[in-house]
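Participant: Starting from these lines, generate the structure:
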Amino acid sequence: MPSSSAILAATPWRQALTDSIPIAMAYVPIGFAFGLLAVETGLPAWYAVLMSVIVYTGALQFAALPMLAGGIGLGALALTTLLLNLRHLLYALPLLPVLSRKRATRLYSLAALTDETYSMLSAMPAERRGRMAFSINLTCQAWWVAGTALGALLGPQIGNQIPNLGFALPCLFVILAIEQYLLRRQWLPLVLGIVAFVLCRLLLPQEHVLISALLLSLIGLVCHDRLQQRHAQTDAGAGR
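Facilitator: Residues are numbered from 1 along each chain as shown. Presented below is the predicted three-dimensional model:
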């Protein structure tokens with residue numbers, strides 16, 4: 001009969017805790033930075049923690065802070081949310097066939113997907129992916145919420161001793177962008193994003209830069225895809 005320690009070692013939760021440690025090394029300090037910045041913006045500590053529980057989107061949470069502080073309208077905030085999280089629809093598609101059939105577990109596993117958890121799950125065999133999706137997502141969110149709580153509660157006391165915390169999330173996204181480029185060797189999305197941001201930063205008020213840059217990048221990628229399709233059709237027609 002297997003020992004209790006062997007059974008525990010084989011459980012998805014024990015595996016999720018072990019597998020999520022590299023993500024925790026990013027989520028805890030970045031969550032700490034968010035909690036600290038949220039309190040410095042004027043939000044109560046409980047509100048910052050609640051955002052990490054309900055919203056759980058690092059980029060959106062950081063982007064929402066100046067919007068909330070500046071009294072931006074709900075429409076602009078909703079549009080920003082849609083654009084920042086649109087990629088998650090694509091993340092969910094390959095996971096649908098292997099996820100748990102339990103409705104609550106399935107819905108949470110889809111809603112809690114992040115760039116990092118998707119990368120981890122997509123590297124697993126399909127059978128293990130379905131078994132681990134819920135535990136991986138919940139464990140990683142727990143790391144994020146823990147970091148936020150620490151930042152919101154302890155940040156005002158020790159924040160001055162940790163400089164440049166606000167740059168933690170941009171650093172993470174720069175690293176992810178570099179890794180995606182090295183994996184796919186597609187330079188166009190990277191260049192489009194940089195050009196769109198620079199143009200919008202120079203021409204538009206600060207509160208409209210993020211939404212406009214995302215829209216401009218999306219339009220550029222769609223136009224590029226249409227051109228590639230036309231070239232492919234032209235080449236196919238010429239080869240007949």
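
Participant: going forward, measure contacts between C-alpha atoms and count neighbours the same way
Facilitator: Will do.

Participant: what ranges do the strands span in the chain?
Facilitator: Assigned strands in the chain: none (criterion: DSSP state E).

Participant: okay, now the domains of it?
Facilitator: Annotated domains of the chain cover 9-165, 186-240 [automatic domain parsing].

Participant: Which of these sits closest to residue 174?
Facilitator: Comparison of the domains of the chain against residue 174 by CA to CA identifies domain 186-240 as nearest, at 10.1 Å.

Participant: what distance separates the lengthiest helix in the chain from the centre of its chain?
Facilitator: Ranked by residue count and defined by DSSP state H, the top helix of the chain is helix 126-158. How far helix 126-158 lies from its chain's middle: 12 Å, per CA atoms, centre = their mean, to the nearest Å.

Participant: quick one: buried residues of that helix?
Facilitator: 126, 129-130, 132-153, 155 (16 or more other CA atoms under 10 Å).

Participant: Single out the most deeply packed of the domains of the chain.
Facilitator: Across those, the average number of neighbours (mean count of other CA atoms under 10 Å) peaks for domain 9-165, which reaches a mean of 17.

Participant: related to what we said a few turns ago, could you tell me the least trusted of the domains of the chain?
Facilitator: Here the lowest mean pLDDT among the domains of the chain goes to domain 186-240, at a mean of 78.

Participant: what sits against the spatially closest residue to residue 137 that is not a sequence neighbour?
Facilitator: Leaving aside its sequence neighbours, residue 137 sits nearest to residue 112 (CA to CA, 6 or more residues apart in numbering; 5.9 Å). Applying CA atoms under 8 Å, 6 or more residues apart in numbering to residue 112 gives the contacts 56, 137, 138, 141.

Participant: Please report how far residue 112 lies from residue 134.
Facilitator: With the distance defined as CA to CA, to the nearest Å, residue 112 ends up 9 Å from residue 134.

Participant: ok so, going back, check which helices and strands the longest helix of the chain is in contact with.
Facilitator: On a contact count with 3 or more CA pairs under 8 Å, 6 or more residues apart in numbering; DSSP states H and E, helix 126-158 meets helix 12-19, helix 21-41, helix 45-54, helix 103-111, helix 115-122.

Participant: Got the phi and psi for residue 187?
Facilitator: Reported as degrees, to the nearest 10, the phi and psi values for residue 187 are phi -90, psi -20.

Participant: Help me confirm that it comes into contact with residue 193.
Facilitator: No - contact criterion CA atoms under 8 Å: residue 187 and residue 193 do not qualify, at 10.2 Å.

Participant: quick one: residue 194 and residue 13, what's the gap?
Facilitator: For residue 194, the distance to residue 13 - CA to CA - is 39 Å.

Participant: Apologies, that question was intended for residue 123.
Facilitator: Residue 123 is 18 Å from residue 13, by CA to CA.

Participant: go on, residue 182?
Facilitator: According to CA to CA, residue 182 and residue 13 sit 32 Å apart.

Participant: Over to residue 23?
Facilitator: 15 Å.

Participant: for residue 43, same thing?
Facilitator: Noted for residue 43: a distance of 33 Å to residue 13, by CA to CA.
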